[in-house]
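Peer 1: Okay, structure incoming, though there's no sequence with it:
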């Protein structure tokens, strides 16, 4: 029988995660309208590009919402280990979206630097960029705290996307400000090159963050082992079990918000089968108690060989 209790256990996580991402989706749509309208009216390439970025953020939020809802479904006849890897898949998709968006930013920045495709700086454009930074800062703090609290890679990926937006829009605001200074003092290179140069610098940072997201999510998709501290703690919990004489192997992988472990140990070869089952149950209980995030532990009992 499958763990129907998981549905109730995951419900608070799903509800809070969905609520946070929904708020972020609304915020992204409002920022899209703000930056798109101001960018089109003033001819600001920086704001228009940032509006496109907000559209991508809105799409990413929808992807995360769908992935989070699916990943917290309990295991069933077709998915014996649950749906937790959907979080990693969603994070990987968002990481690719961030990389793709950065490619377009770099293309536009290089075009602006070569051909001088820059709009006259405007205080209204600067104001819209600063408002966007403030809103994104709030969204980042709220989403980051929720991701940590819920231990959700999908929510954390969304938070990292907000952080990227803070730097990107801050760069746009800085570029507009520097261009205004250059225009005021008649320094043409500042007007022409401030925005593309700052955009390229920030793009490098965003690429680094996107690669980090792809690295973490792909590790989960490929069943990579957790860090050595976790593995050592797992081995210690196994060895504390009475009757365990030797560890043959300890394997572990992440499944969504939790862990799955596979342990093989050696016990006295002369004990009864039922005693071996008791040792296996005690071992499982020890590991589950030491790691609250542990979903399940598969235990293999073998006779000890000298």
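Peer 2: The structure has been received and is ready for your questions. Predicted, not measured: the structure shown is a model, and the values here were computed from it.

Peer 1: which stretches of the stretch 201-306 of the chain form helices?
Peer 2: 228-239, 273-290 (DSSP state H, counting those that start in this stretch).

Peer 1: Run through the neighbouring helices and strands of the longest one.
Peer 2: In other words, helix 273-290. Packed against helix 273-290 by the contact rule (3 or more Cβ pairs under 8 Å, 6 or more residues apart in numbering; DSSP states H and E) you find helix 228-239, strand 258-267, strand 294-303. For every residue, glycine as well, the C-beta is placed using N, CA and C.

Peer 1: and the longest helix that the chain contains, how far from the chain's centre?
Peer 2: When the chain is scanned for its longest helix (criterion: DSSP state H), the result is helix 5-42. Going by Cα atoms, centre = their mean, to the nearest Å, the spacing between the C-alpha centre of helix 5-42 and its chain's C-alpha centre is 15 Å.

Peer 1: list the buried ones in that helix?
Peer 2: 6, 10, 13-14, 17-18, 20-21, 24-25, 27-28, 31-32, 34-36, 38-39, 42 (16 or more other Cβ atoms under 10 Å).

Peer 1: just checking, next helix/strand downstream of it?
Peer 2: helix 45-71 (DSSP states H and E).

Peer 1: what angle separates the next helix or strand along the chain from that following helix from helix 5-42?
Peer 2: Using DSSP H and E, the helix or strand that follows helix 45-71 in sequence is helix 85-115. Helix 85-115 and helix 5-42 are oriented at 10 degrees to each other (axes from the mean of the first three to the mean of the last three Cα atoms, to 10 degrees).

Peer 1: and the angle for helix 85-115 with helix 45-71?
Peer 2: Computed with the same axes, to 10 degrees, the direction of helix 85-115 lies at 170 degrees from that of helix 45-71.

Peer 1: What about the closest residue to residue 258 other than its chain neighbours, how many residues nearby?
Peer 2: In space, and not counting its chain neighbours, residue 258 is closest to residue 295: 4.0 Å by Cβ to Cβ, 6 or more residues apart in numbering. Counted by other Cβ atoms under 10 Å, the residues lying close to residue 295 total 20.

Peer 1: what do you get for residue 82?
Peer 2: Residue 82 has 24 neighbouring residues, counting by other Cβ under 10 Å.

Peer 1: do the same with the one 10 residues further on
Peer 2: Summarising burial for residue 92: neighbours were counted as other Cβ under 10 Å, giving 20.

Peer 1: Stretch 261-279 spans what distance, first to last residue?
Peer 2: End-to-end distance for stretch 261-279: 16 Å, by Cα to Cα, to the nearest Å.

Peer 1: Please identify the buried residues of it?
Peer 2: For stretch 261-279, by 16+ other Cβ under 10 Å, it's 261, 263, 264, 265, 266, 267, 276, 279.

Peer 1: hmm, who's touching it?
Peer 2: The contact list for stretch 261-279, computed with Cβ atoms under 8 Å, 6 or more residues apart in numbering, reads 234, 238, 241-252, 283, 287, 294, 296-305.

Peer 1: Show the buried residues in those residues.
Peer 2: The neighbour count (16+ other Cβ under 10 Å) marks 234, 238, 241, 243-244, 250, 252, 283, 287, 294, 296-297, 299, 301 as buried among those.

Peer 1: and which of these is nearest residue 207?
Peer 2: For these, the residue nearest residue 207 by Cβ to Cβ is residue 252; the value is 30.9 Å.

Peer 1: Tell me who's in contact with the closest one.
Peer 2: 225, 226, 230, 231, 234, 259, 260, 261, 262.

Peer 1: returning to what we had before: possible to save the helices and strands packed on helix 273-290 as TSV with mean pLDDT?
Peer 2: Formatted as TSV, the helices and strands packed on helix 273-290 follow (pLDDT from 0 to 100):
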stretch	mean pLDDT
helix 228-239	94
strand 258-267	92
strand 294-303	92
